[in-house]
Structures are given as structure tokens and as C-alpha cells.
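[1] Fold the following.
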Amino acid sequence: MDCDDFLAKEQKVLELYFSSLGHFNYDKAKEIVEKERDALFKTGANYLFSSVLTALSQMAVAEKLYMSLQYLAPKSFLRKDTSLKSLYEALRLEFLRLKDQASCSTPISCSPSPSSCSPMSPSPSATSLSSMSPGAVIGSYQSSSSYMSQSPPAPVLDAFLSHLCGQLHSFVVARVKSVDFYDKLYSLSSGKMMKFKELSAALNDIISQNENLFHHPVLTALKSSFSTELETLHQLLEAQVMLSQWQFLQALLHLKEAHARLGEWNASLLLPENRRTASSLLRADRLPHLVTWINKLNSFMVGKFTLYFYKILSRQTTPQEMKNFGSKMTIDYCQR
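    Numbering: from 1, shown residues only. Here you go, the predicted model:
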């Protein structure tokens with residue numbers, strides 16, 4: 001297999017992996033890259049790509065934990081669970097290492113010559129990444145230089161891996177900032193007063209900083225999910241700020257924008273072949289906790305908006321229609 005064919009084949013694997021991540025199929029995504037990694041180890045096709053696949057396997061684990069929100073619960077009395085941040089930090093360093101390694105690779109043929117390469121078996125460092133603790137992941141590849149001499153990648157593959165790992169590094173950095181934001185939001189929720197304006201500004205900073213990052217076509221599903229999640233939450237926080245100022249129109253516009261983005265996100269969670277059964281697949285017990293929480297927050301904000309501006313809304317319709325509208329809402333404060 002020449003380099004172009006190898007790269008085309010692996011790009012399809014990556015597209016399937018990131019599509020699975022975007023649809024919250026984390027176990028499937030992990031299985032995809034681990035299966036391909038094991039196949040590459042057996043053929044000795046490319047060590048560096050195998051290392052990237054190993055890191056992606058760990059990334060699927062991190063994403064599943066991120067969406068579960070389990071890291072927000074205290075690990076013990078007055079002790080936070082930092083395992084997710086440790087895992088993301090390990091991934092950040094690993095993607096940075098792989099990016100630099102791909103940039104420095106010698107531009108020779110992708111197919112190893114009989115005189116310089118023998119079939120590779122997984123190195124202890126590569127096979128242990130998925131089983132090691134997050135803090136021990138970095139620096140686990142001790143014999144990478146010898147493997148690279150056996151199976152050096154081609155210039156096109158080098159450039160692709162360097163670019164991809166650089167963008168994945170940016171994604172992981174953004175994820176850590178999101179984790180910090182949710183941790184702050186969770187901590188403030190136990191108090192009597194929440195500074196929604198400051199929270200909204202902090203979230204907007206994360207969105208702005210990453211607007212033009214990790215934009216590779218292979219990462220489309222991942223970028224879309226990341227952007228929609230934060231933008232939806234930002235619109236809901238802005239709506240809360242406007243509600244606190246009794247700004248009817250501005251609050252309504254933010255709620256409409258949040259509703260539109262949330263609708264797009266919920267629809268995008270379904271693979272094309274599953275869209276006929278959307279109602280069953282979008283049940284709360286089948287969605288990650290983060291998605292369920294944002295949907296609940298949206299319903300809460302709509303109910304709050306209706307309560308705040310009930311008199312204004314009731315002037316636009318009949319009492320019976322207003323009652324019917326409230327009965328369709330997930331949370332109807334006006335009838336309590």
C-alpha cells in the first residue's frame with residue numbers, strides 16, 4: 001500500500017471515529033481506533049499513526065467522562081475529583097509530543113523496506129497507555145526513535161499528523177477551560193447569588209478563543225458539538241441576565257437563539273439511519289447528562305420567562321390558549 005492509499009484509508013477511520021464522538025458513541029469510537037491500532041501494529045505499517053490512535057482511544061474515555069458530569073461531584077469530603085483534568089493534561093502533552101515528532105520525521109517512503117524494517121509488535125509503552133493512570137501516560141513511549149527508524153512515514157502523512165495533532169492539542173486545551181467553567185458554575189450554584197453576567201462573559205471568552213481552532217474537516221462533528229454546547233449555554237446565560245433586568249425583547253431573542261441551537265444539536269445527535277426513531281433515541285436516559293442538563297436548563301428558562309412576563313404574553317392571546325401553552329411546557333410556574 002503506497003502512502004496516498006494508506007492516508008486515504010486512515011482518514012476514513014478517523015472520520016468514523018470523530019463522527020462517533022460527535023454522536024456520543026464513545027465506546028464505539030474507542031473500539032474503532034483500538035481495532036485499527038492493533039491492525040497497524042501487526043503489519044508494522046506506521047508507528048506514529050499507531051501512537052495517535054492510542055491517544056485517541058484515551059480521548060474517547062475523557063470525552064465520555066466529560067459529558068457525564070461525574071467530575072463535578074466531590075470525590076470525598078472537601079476533595080474535588082481531578083481525574084478528568086489529569087487525563088486531559090496527559091492528552092494535551094501527548095498530542096503536543098506527537099505533533100513535534102511528526103514535524104521532525106524524516107521524509108522517506110511510507111512503506112518500510114525489507115532491509116530496514118521487520119513486522120512490528122506493540123511496544124510495552126504503546127499498549128499500556130489505555131491501562132495506565134492519566135498522570136503516567138506522558139513519557140510512556142521510550143523506544144519511539146527505534147520504531148520510527150523501522151517504519152518512517154512519508155512527508156504527506158507527516159504533515160497530516162502534525163496538523164491533526166496540533167488541532168487536537170487546541171481542542172483539549174479548550175476542553176480543560178470548559179471543565180473549569182462548569183466547575184465554577186457548580187461551585188457558585190450552592191450560594192444565594194450567582195453572577196450570571198460574569199459567567200456569561202467567561203463563557204463567551206472560551207467561545208471566541210476557539211472560534212477558529214480545530215477546524216480540520218475530519219474534526220467537523222467534534223467542533224460542531226463543542227460549539228453548539230457552549231453557544232447554547234451562553235445564550236441561556238444571556239437570557240438570564242436580561243431577565244434580571246426585566247428586558248422582555250432581549251430575553252426573548254436569546255431564548256429563541258438557544259432553542260434553535262439546541263434543536264440543531266438534538267437533531268445532529270442522530271445518525272441519518274436512526275432519524276426515523278428520533279423520539280425514542282432522544283429520551284433523557286439515552287443522552288449524556290450534560291445534554292440532558294442543558295435541555296432542562298432551557299425548559300427552566302422558558303418557564304421563568306413566561307412567569308416574569310405573563311401579563312405581556314397574556315395580552316397577545318386568550319386565557320384558554322395561554323393555559324394550553326403552559327400545559328405543553330416542561331415547567332409551568334404560572335399554574336403552580
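
[2] Now do the same contact list for the closest residue to F24 other than its chain neighbours.
    Once flanking residues are discounted, F24 sits nearest to P288: 5.5 Å by CB to CB, 6 or more residues apart in numbering. No exception for glycine: its C-beta is placed from N, CA and C like everyone else's. Residues near P288 by CB atoms under 8 Å, 6 or more residues apart in numbering: 24, 64, 67-68.

[3] 7 Å instead, please
    24, 67-68 (CB atoms under 7 Å, 6 or more residues apart in numbering).

[4] Please tell me the pLDDT value assigned to it.
    The score at P288 is 89. That number is its pLDDT.

[5] Please apply the same query to the one 4 residues further on.
    Note for T292: predicted pLDDT of 92.

[6] so which helix or strand takes in it?
    helix 289-308 (DSSP states H and E).

[7] what comes up buried for that helix?
    Across helix 289-308, burial judged by 16 or more other CB atoms under 10 Å covers 290-292, 294-295, 297-298, 301-308.

[8] One more: stretch 4-14?
    6-7, 10, 13-14.

[9] So what touches it?
    Counting by CB under 7 Å, 6+ apart, 32, 36, 45, 49, 110, 156-157, 160, 218 sit against stretch 4-14.

[10] Out of those, which sit inside strands?
    Counting by DSSP state E, no part of the contacts of stretch 4-14 is found in strands.

[11] Let's have those residues in CSV, adding neighbour count, distance to E321 and pLDDT.
    Shown next, in CSV, are the contacts of stretch 4-14 (neighbours: other CB atoms under 10 Å; distance: CB to CB, whole Å; pLDDT from 0 to 100):
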residue, neighbour count, distance to E321, pLDDT
I32, 23, 50, 96
E36, 22, 56, 94
A45, 22, 65, 70
F49, 25, 60, 90
C110, 22, 67, 45
V156, 14, 63, 82
L157, 22, 62, 83
F160, 20, 58, 92
V218, 21, 49, 94
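
[12] Which pair in these has the greatest spatial separation?
    By the measure CB to CB, I32 and V156 form the most distant pair in the contacts of stretch 4-14, at 22.7 Å.

[13] could you pull out the strands for the stretch 101-250 of the chain?
    Counting by DSSP state E, counting those that start in this stretch, the stretch 101-250 of the chain has no strands at all.

[14] give the contact list for A60.
    Taking CB under 7 Å, 6+ apart, one finds 21, 26, 29-30 in contact with A60.

[15] do that again at 10 Å, thanks
    Contact analysis of A60 by CB atoms under 10 Å, 6 or more residues apart in numbering lists 17, 20-21, 25-34, 130.

[16] Excluding covalently adjacent residues, which one is nearest to E36?
    V13 (4.9 Å).

[17] So for that neighbour, what pLDDT did the model give?
    pLDDT at V13 comes out at 94.

[18] Return the distance of L297 relative to L253.
    17 Å (CB to CB, to the nearest Å).
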